[in-house]
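J.: Turn this into a structure:
(one chain, ligands or ions: 1)
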Amino acid sequence: MNSLRENKTAEAAVIGGGPAGLVSAIALATAGIDTLIIAPPAKEDFRTTAFLAGSVTALATLGVWDACVAHAAPLTGIRIIDDTRRLWRAPEVSFAAAEIGLEAFGHNIENRHLIAALQDRAAQLKIPRITAPALSVAPDEAGATIRLADAEARVRLVVGADGQHSVCRAAAWIGSNRHAYPQSALTLNLGHARAHRDTATEVHTESGPFTLVPLPGRRSSLVCVLDPERAAALSAMTDAELAIEIERRAHSLFGTMNVERGRGMFALAVETAQSVARNRIALVGEAAHVVPPIGAQGLNLGLRDAATLAEIAADARRRRLDIGSPAVLARYETQRRADVTSRRIAIDLLNRSLLTDFLPVHGARALSLFLIDRIGPLRRALMREGVSPAASQPRLMRGQPL
Ligand SMILES: Cc1cc2nc3c(=O)[nH]c(=O)nc-3n(C[C@H](O)[C@H](O)[C@H](O)COP(=O)(O)OP(=O)(O)OC[C@H]3O[C@@H](n4cnc5c(N)ncnc54)[C@H](O)[C@@H]3O)c2cc1C
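T.: The predicted model follows:
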């Protein structure tokens, strides 16, 4: 890592050093594209990411997964429990990866281990990193100029991986549609007395899902979605009080609990950029789409952004085309639209169906889960779509190098 005091040129610059940005930079660099990372050091993130199988394959193909594997737990099962106490409640539904011929749906890993593995791989690939924020991005016909506090960088393609309040999105003149939910997510990791058997447990409540996802050993990560007042009340508890409260909410399925250091609190929203690429700037990760943490979709979408963009840019470069040209960005837009839109709609609908008091919606939700539970081919089709979406299968997700 270095701080820049002189102007720099590269083919591509990735702005943002979160997981979507680091994966983008690694993917572009392994495709032979001269890439620069512009990102201040990321804050320590105690959350975890449940990566679906395609994302794990992509990380393995990029040479990152070997450093993650010791910190990751496989997810061989998913269990959904309706705890809404409403008139029409859904039956408990279980999904097993073996039903669709997989060893695991994916793996869960703490973000701090993931980020460390990505940073190590970026360093191994000698990707230069400027540890300062981008102050502005000015695109023009031939390229884009990125202004930093003490210098400038000039590139052909800017990858905007700068998260929810994206400077890149604004610089590309791309608007976004945002809806804030009356919900917050309390996150923490914990140890527990009973084994999780590599199965994620999602308990649906009237205020949102309460999800325990396996970590290695007798440990799990928790995402507890609540109205903001109750989330704040839980967050104010001591570790011992909180452990008892979580055990109660988990119906003691895992026995006594032991809360670890590193709680987080996140206001939930859904936000979609009106376009994912314009004016030499391509958006990846939460700069392009924010979804609530239901069904582990957010960063999986972000990795498919990164993999798709690198594939298109590598292809353009092989054909000696400008990797930031309108034609390249239009291809990226076309290839990402269906995947991002379909996931957003599905997650938004599921979340709203939990929050609403409208009885027919509870009935429809309960009926859907009942049908999923009873009809094997439907359940298997859903599982396959969840793990490998038909709308997006970039090469990296299939284990093929760029
Ligand atoms: C509670 C919770 C649980 C979740 N669980 C899952 C899960 O299990 N599976 C899953 O797939 N997804 C999950 N997600 C979603 C996932 O966490 C996000 O999709 C992911 O963190 C987004 O990564 P990112 O790199 O796009 O953005 P960020 O992690 O926000 O990174 C953006 C980076 O850009 C930097 N930056 C900002 N402005 C600038 C600038 N001007 N110049 C340079 N750098 C800048 C920031 O410092 C930051 O480091 C979860 C989300 C939440 C809230």
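
J.: Would you state the strands of the stretch 251-400 of the chain in chain order?
T.: Along the stretch 251-400 of the chain, the stretches classed as strands by DSSP state E, counting those that start in this stretch are 257-259, 264-273, 277-278, 281-283, 289-290.

J.: Among those, which comes closest to the ligand?
T.: Between the ligand and the strands of the stretch 251-400 of the chain, the tightest spacing by C-beta to the nearest ligand atom is seen for strand 264-273, at 4.0 Å. For every residue, glycine as well, the C-beta is placed using N, CA and C.

J.: Per-residue pLDDT of residue 374, please?
T.: You'll see residue 374 listed with a pLDDT of 64.

J.: quick revisit: if you compare the strands of the stretch 251-400 of the chain, which one is most tucked away?
T.: When you average the neighbours per residue for each of the strands of the stretch 251-400 of the chain (mean count of other C-beta atoms under 10 Å), strand 281-283 leads with a mean of 30.

J.: Figure out how far that one is from the centre of its chain.
T.: 17 Å (C-alpha atoms, centre = their mean, to the nearest Å).

J.: Next, count neighbours for residue 66.
T.: Residue 66: 11 surrounding residues under other C-beta atoms under 10 Å.

J.: Can you give me the buried ones in the top strand by length along the chain?
T.: Looking across the chain with DSSP state E, the single longest strand is strand 176-192. For strand 176-192, burial by neighbour count (16 or more other C-beta atoms under 10 Å) applies to 176, 181, 183, 184, 185, 186, 187, 188, 189, 190, 191, 192.

J.: In CSV, list these along with distance to the ligand.
T.: Conversion of the buried residues of strand 176-192 to CSV gives the following (distance: C-beta to the nearest ligand atom, whole Å):
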residue, distance to the ligand
176, 14
181, 12
183, 11
184, 9
185, 4
186, 8
187, 5
188, 10
189, 12
190, 15
191, 19
192, 18
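
J.: Between those, which sits nearest residue 321?
T.: The nearest member of those to residue 321, counting by C-beta to C-beta, is residue 176 at 28.6 Å.

J.: Verify the stated contact: the closest one with residue 272.
T.: Yes - under the criterion of C-beta atoms under 8 Å, residue 176 makes contact with residue 272 at 6.3 Å.

J.: Give me every residue in the stretch 301-402 of the chain lying close to the ligand.
T.: residue 302 (C-beta under 6 Å from any ligand atom).

J.: Please, where are all the helices along the stretch 301-402 of the chain?
T.: Taking DSSP state H, counting those that start in this stretch, the helices of the stretch 301-402 of the chain run over residues 326-355, 359-374, 376-387.

J.: Also the stretch 151-300 of the chain?
T.: Using DSSP H, counting those that start in this stretch, the helices assigned to the stretch 151-300 of the chain run over residues 167-171, 228-235, 239-249, 298-318.

J.: Please identify the most buried of the ones you listed.
T.: Each of the helices of the stretch 151-300 of the chain was scored by mean neighbour count; the highest is helix 298-318, a mean of 25, by mean count of other C-beta under 10 Å.

J.: Which strands or helices does that helix pack on?
T.: helix 19-30, strand 48-52, helix 53-61, strand 289-290, helix 326-355 (3 or more C-beta pairs under 8 Å, 6 or more residues apart in numbering; DSSP states H and E).

J.: So whichever helix or strand comes after the third one, near the ligand or not?
T.: The one in question is helix 53-61. Downstream of helix 53-61, the next assigned helix or strand under DSSP states H and E is strand 73-75. No - Strand 73-75 lies apart from the ligand when judged by C-beta under 6 Å from any ligand atom; the minimum separation is 9.9 Å.

J.: tell me the contacts of the closest residue to residue 156 other than its chain neighbours?
T.: Nearest residue to residue 156, sequence neighbours excluded (C-beta to C-beta, 6 or more residues apart in numbering): residue 324, at 4.0 Å. By C-beta atoms under 8 Å, 6 or more residues apart in numbering, residue 324 lies in contact with 12, 143, 144, 155, 156, 157, 158, 280.

J.: Give me the distance between residue 324 and residue 104.
T.: Note on residue 324: its distance to residue 104, by C-beta to C-beta, to the nearest Å, is 38 Å.

J.: centroid residue for this structure?
T.: residue 299 (1.3 Å; C-alpha atoms, centre = their mean).

J.: Need the pLDDT of residue 177.
T.: On pLDDT, residue 177 comes in at 95.

J.: I meant to write residue 354 there.
T.: With respect to pLDDT, residue 354 scores 67.

J.: Tell me which residue in the stretch 201-350 of the chain sits closest to the ligand.
T.: For the stretch 201-350 of the chain and the ligand, the shortest gap (C-beta to the nearest ligand atom) falls at residue 285, measuring 2.2 Å.

J.: which residues does that residue contact?
T.: By C-beta under 8 Å, 6+ apart, residue 285 lies in contact with 16, 18, 19, 20, 21, 161, 163, 299, 302, 305, 306.

J.: In JSON lines: those residues, plus distance to residue 381 and pLDDT.
T.: Formatted as JSON lines, those follow (distance: C-beta to C-beta, whole Å; pLDDT from 0 to 100):
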{"residue": "16", "distance to residue 381": "35", "pLDDT": "98"}
{"residue": "18", "distance to residue 381": "32", "pLDDT": "97"}
{"residue": "19", "distance to residue 381": "29", "pLDDT": "98"}
{"residue": "20", "distance to residue 381": "28", "pLDDT": "98"}
{"residue": "21", "distance to residue 381": "33", "pLDDT": "98"}
{"residue": "161", "distance to residue 381": "32", "pLDDT": "98"}
{"residue": "163", "distance to residue 381": "34", "pLDDT": "97"}
{"residue": "299", "distance to residue 381": "24", "pLDDT": "97"}
{"residue": "302", "distance to residue 381": "25", "pLDDT": "98"}
{"residue": "305", "distance to residue 381": "25", "pLDDT": "98"}
{"residue": "306", "distance to residue 381": "27", "pLDDT": "98"}
